[in-house]
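Engineer: Pasted the sequence and its predicted model underneath.
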Amino acid sequence: MAGNDMWATPIDPNIYGPVGVLAGVRRWQHDVEKGLSMPSIRSEFSVASGMLMRLRAFSEAALGSRSSSEVGEGALGKQAAPSAAIALGGVVGSLEQYALLHERSGQAIPEEASGTIALLLEGGVDATEGGVRQVRAVDIFSSIGFRGGVEDNVATAVVDLAPFFESRHSIREFSNRRAESGLIVEAVRRAHEASPSVCNRQSSRVYVLSSDEAKNFALSHQTGNRGWGHTASHVLILTSSLEHFIAQAERYQGWIDGGMFAQSLLLAIHSVGLAACPLNWDVPRASDEALRERLRIPESDTITMMMAVGHYAEEFTHAVSPRKPLREVLIPEEAVWKADI
């Protein structure tokens, strides 16, 4: 089966798994969102490429043949139901904007879009926010402490953000005060909201360890925390769920998305006033398997790293870690571009 015809065949949830089905929904919905965000929007985009058919196929698999009271359960299971409702509601929201675009230009709405909207609405899915938002640059600048218009630069900032970034360090000396769980939840929320991921898959997960028994067990399998790790209030284990990636070309994406999420989380932890130290997970297979078994981390989750988290001590030391010269990091085009090829 070739071309768009292959997507007329129902998706088998047993092949993709419950998380993989929703990953497909998000992946193809994101193509609609990208199309709507272009400076010049082409009518009927995503039709010829088959993207709308793929979105419909995965949406139908997520919806299943359940009643409206069971939307998102079906093959996905009850735990995935809230995530399915959000994802499918976002599909409706995105496609409604897609349809409105065609209506305003006096063009017929492609059946691939209208049919999917009808399918999901009849299945009891409520439209949620999806598609695109209209934003003014001045509002973005204002929200982060800049004044002036689009043409202004960092020199006009009311709040200089450089100290925030430059004051984040890897901390190995914490106070005895226990970190409040609410602060950790807020840090994870901020990282989750802000961190990009391929086609909005959101594969990252954070396992939070707070008991001495669990923390010490996890840290015993990591070699970079000896002599200080036990003083951390919490230990976070970051993973990337490989079920979110459905193509061979995406085989490294879990580490890419996981790395972006980890940096977002470090900055988010800093933003709520807590200290943290990232801990590598360069360990033998036996250590990886031991941690997975004890913490019941599924085989589909790849562990990307750990973090030790706690409150700052009143006074502490941190490694200076001199930075390379910027010229070794920032490479201008004229230094590498071969214009005569």
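Structural biologist: Sure, I can see it.
Engineer: When you work out contacts or count neighbours from here on, use the C-alpha atoms and nothing else.
Structural biologist: Fine.
Engineer: now residue 114, nearest residue through space, not along the chain?
Structural biologist: residue 99 (7.3 Å; Cα to Cα, 6 or more residues apart in numbering).
Engineer: For the one you found, give me the pLDDT.
Structural biologist: At residue 99, the pLDDT value in this model is 92.
Engineer: Tabulate the CA atom coordinates of the helix or strand encompassing it in CSV.
Structural biologist: Per DSSP states H and E, residue 99 falls inside helix 81-104. In CSV, the C-alpha atoms belonging to helix 81-104 read as follows (Å, rounded to 0.1, in the frame of the first residue of the first chain):
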residue,chain,number,x,y,z
ALA,A,81,-7.3,8.8,29.6
PRO,A,82,-6.5,12.4,30.9
SER,A,83,-3.6,12.7,28.5
ALA,A,84,-5.7,11.3,25.6
ALA,A,85,-8.5,13.9,26.3
ILE,A,86,-6.0,16.7,26.2
ALA,A,87,-4.3,15.5,23.0
LEU,A,88,-7.6,14.8,21.2
GLY,A,89,-9.1,18.0,22.4
GLY,A,90,-6.0,19.8,21.0
VAL,A,91,-6.6,18.1,17.6
VAL,A,92,-10.1,19.5,17.5
GLY,A,93,-8.9,22.9,18.5
SER,A,94,-6.1,22.9,15.8
LEU,A,95,-8.4,21.6,13.0
GLU,A,96,-11.1,24.1,13.9
GLN,A,97,-8.6,26.9,13.3
TYR,A,98,-7.5,25.1,10.1
ALA,A,99,-11.2,25.0,9.0
LEU,A,100,-11.7,28.7,9.9
LEU,A,101,-8.7,29.6,7.8
HIS,A,102,-10.4,28.1,4.7
GLU,A,103,-13.8,29.5,5.5
ARG,A,104,-12.4,33.1,5.8
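Engineer: My guess is residue 63 contacts residue 121. True?
Structural biologist: No: the criterion here is Cα atoms under 8 Å, and residue 63 misses it with residue 121 at 10.5 Å.
Engineer: These two: which is more packed in?
Structural biologist: residue 63 (28 against 16; other Cα atoms under 10 Å).
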